[in-house]
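> generate coordinates for the sequence data below:
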Amino acid sequence: MDFKDHVSSIINNIGGSKNVINASHCVTRLRLVLVDESLINKEALEENELVKGTFSVNGQFQVIIGPGLVEKVYNEFVNQTGTEEVSKDEIKKITSEKGNIIQKGVRVLADIFIPILPAIVAAGLLLGLNNLLANSGIFYDKKSLLDVYTGWTGFAEFINVIANTAFTFLPVLIAWSAAKKFGGNPLLGIVLGLLLVHPSLMSAYAYAENPSEVEYWSLFGWDIAKIGYQGQVLPVIFATWVLTWSEKRLKSFIPDNLQMLFVAPISLVFAGLLTFGVIGPITMTGSNWITDGILYLFEVSPAFAGGVYGFISGPLVITGMHHIFLGVNLQMAGTLGYVTLWPIGETVTLAQGAAALTMFFILKQNQKLKGVSLTATLSAWLGVTEPAIYGINLRFRYPFIAVMVGSAFGSAYLAAQGVKATSVGVGGVLSFLSVYPEHWSVYFIGMAITFIITVTLTFGFFKSNLFKADKTIEKKTEDKGKKSLELKTLSKNV
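Numbers count the residues shown, from 1 in each chain. Got it, this is the predicted structure:
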């Protein structure tokens, strides 16, 4: 079969072109909205050489193709089906009404945080680079690189300014992204974000140290504290929702020729008053309670808290709930200057790749699944775990359980050792760059613990009879692999 035939096979096995409502794609997956998902032939679909795995979530049927190739498959898919092309954001809007209130809330957070992640990850890596240059004992005994090569001091200071910019103006990034998500004017979101970190306000950090020194606006007998919201997440999201809500309401009755004069000023004043007077104080208190509560758990029993977090990290990725903890990490980075959850939870990325790599050696006959497992391993260790999760580990179940246990032990060790990172960084094998250099040795040990346990358990589960159903699946895939090889040999001989 050539490339076009493979795409035709995908179309046939999802119920034909008439079963497709909309199609989009992300970095690794086709994202499809179908009329009837019961028409899908998953078994035949996953035998396709282009397909690394499939799953359905939030009203979308997603076909894992892999980075790079997915765009070519998508273009041919649209060409053959005549399906309406939509963006990833548009297809999310189409399916946004599906799911319960928690699922909808998680999707909102994901849609706000994901667009600003490149800036946050870049900041984390640059902070890590600055720490690499400025921390003593990494390359020289009791000296840093800057102590030995003083000419690099200016460069390190410059890198530090760039790295800190994303966190200094974090409310601006969040407000811009939230305004886009809520259907408002992103530029007004930027103005609101800048308002919340205005230099004339007492910074949130200074207020935390000396709350008695705060000044107030007196508005008709209503005293409003002049406090900034540096490093905050929830107050900015709620404030932006109020801004976009007021903007939409005003546009509904103000004539078009007068909207430029009245909509933006009134929306900003209304949202600003509510934020500084009501929304901000309540949500900032709630945000700080969440952060303090998590830190308290890790102080009382760090190994237990880390183990639980590592154990649930894999399932959280499947449900999308991990985006909630992304918000907590951003809150930590903005208010504390470091994060604890992100480096502790990164064990799951390594474990997904380790389990997929182990399956590469277990799946001896099925060449397609061996190829999927190898490419999924590389993808996971570069920070993209979906091919490993849906293409291999969840399909056979016992590798995924091994991932959960391996991550739990690795995360428990990292939490007990108090590992911290500068920020949310890039996932996979390069994740250590965002970890403070003094924690590198501990971090590598925790990752080694995760790898060894995950590989050992995956092999152990394979050899045991604990997962008979999964071994039946594996036997079927091996039989198909044998038959496919026999047919190819016969065809070649003929």
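> okay, and the nearest residue to Q60 once chain neighbours are set aside sits in which element?
Once flanking residues are discounted, Q60 sits nearest to R31: 5.1 Å by Cβ to Cβ, 6 or more residues apart in numbering. Where you see a C-beta, it was placed from the backbone N, CA and C, and this is true even at glycine. According to DSSP states H and E, R31 maps onto strand 29-34.
> quick check: what element follows that strand along the chain?
Following strand 29-34 toward the C-terminus (DSSP H and E): helix 42-45.
> which residues of the chain fall in strands?
Ranges of strands within the chain are 20-25, 29-34, 53-57, 60-64, 84-85, 216-219, 222-225, based on DSSP state E.
> low-scoring stretches of the protein, by residue?
Scanning the chain for pLDDT under 70 picks out 1, 58, 84-103, 137, 319-321, 323, 365-366, 465-494.
> let me see the domain layout of it.
Split into domains by automatic domain parsing, the chain comes to 3-98, 115-289, 301-489.
> make a markdown table out of the ones you listed and add mean neighbour count and distance to R107.
Shown next, in a markdown table, are those (neighbours: other Cβ atoms under 10 Å; distance: least, Cβ to Cβ, whole Å):
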| stretch | mean neighbour count | distance to R107 |
| --- | --- | --- |
| domain 3-98 | 17 | 7 |
| domain 115-289 | 17 | 10 |
| domain 301-489 | 21 | 7 |
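> between those domains, which one is closest to V108.
Each of the domains of the chain has some distance to V108 by Cβ to Cβ; the shortest is domain 115-289, at 6.6 Å.
> first-to-last residue distance for that closest one?
Terminal residues of domain 115-289 lie 26 Å apart, using Cα to Cα, to the nearest Å.
> that older thread, partners of the strand holding R31 in the sheet?
Using DSSP bridges, the strands paired with strand 29-34 are strand 20-25 (antiparallel), strand 60-64 (antiparallel).
> export these to CSV and tack on distance to P265?
Shown next, in CSV, are the strands paired with strand 29-34 (distance: least, Cβ to Cβ, whole Å):
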stretch, distance to P265
strand 20-25, 37
strand 60-64, 40
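> between those strands, which gets nearest to S431?
Of all the strands paired with strand 29-34, strand 60-64 sits nearest to S431, with 22.4 Å by Cβ to Cβ.
> ok, and what's touching the closest one?
The contact list for strand 60-64, computed with Cβ atoms under 8 Å, 6 or more residues apart in numbering, reads 10, 14, 28-34, 37, 40, 45, 51-56, 91, 95, 386-387, 390-391.
> recalculate using a threshold of 6 Å.
Contacting residues not belonging to strand 60-64 are listed as 28-32, 34, 37, 51-55, 95, 387, 390-391 [Cβ atoms under 6 Å, 6 or more residues apart in numbering].
> circling back to that earlier point, pairing partners for the residue nearest to Q60 in the sheet, please.
Counting by DSSP bridges, R31 is bridged to S24, Q62.
> re earlier: so can I have CSV of the domains of the chain showing distance to L295?
Below are these laid out as CSV (distance: least, Cβ to Cβ, whole Å):
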stretch, distance to L295
domain 3-98, 32
domain 115-289, 10
domain 301-489, 7
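> which one of those domains lies closest to G105?
domain 301-489 (8.5 Å).
> which among the domains of the chain is found nearest to L109?
Using Cβ to Cβ, the domains of the chain put domain 301-489 closest to L109, at 4.8 Å.
> these two touch, right, P343 and T422?
No - using Cβ atoms under 6 Å, P343 is not in contact with T422; the gap is 9.7 Å.
> all helices for the stretch 351-494 of the chain, in order.
Assigned by DSSP state H, counting those that start in this stretch, the helices in the stretch 351-494 of the chain fall at 367-381, 386-388, 394-396, 398-416, 440-463, 468-493.
> out of those, the one nearest F113 is which?
helix 386-388 (17.3 Å).
> so what does the closest one touch, helix or strand wise?
Where contact means 3 or more Cβ pairs under 6 Å, 6 or more residues apart in numbering; DSSP states H and E, helix 386-388 is packed against helix 347-362, helix 367-381.
> dump those helices to CSV, plus distance to T285.
Converted to CSV, the helices and strands packed on helix 386-388 look like this (distance: least, Cβ to Cβ, whole Å):
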stretch, distance to T285
helix 347-362, 31
helix 367-381, 39
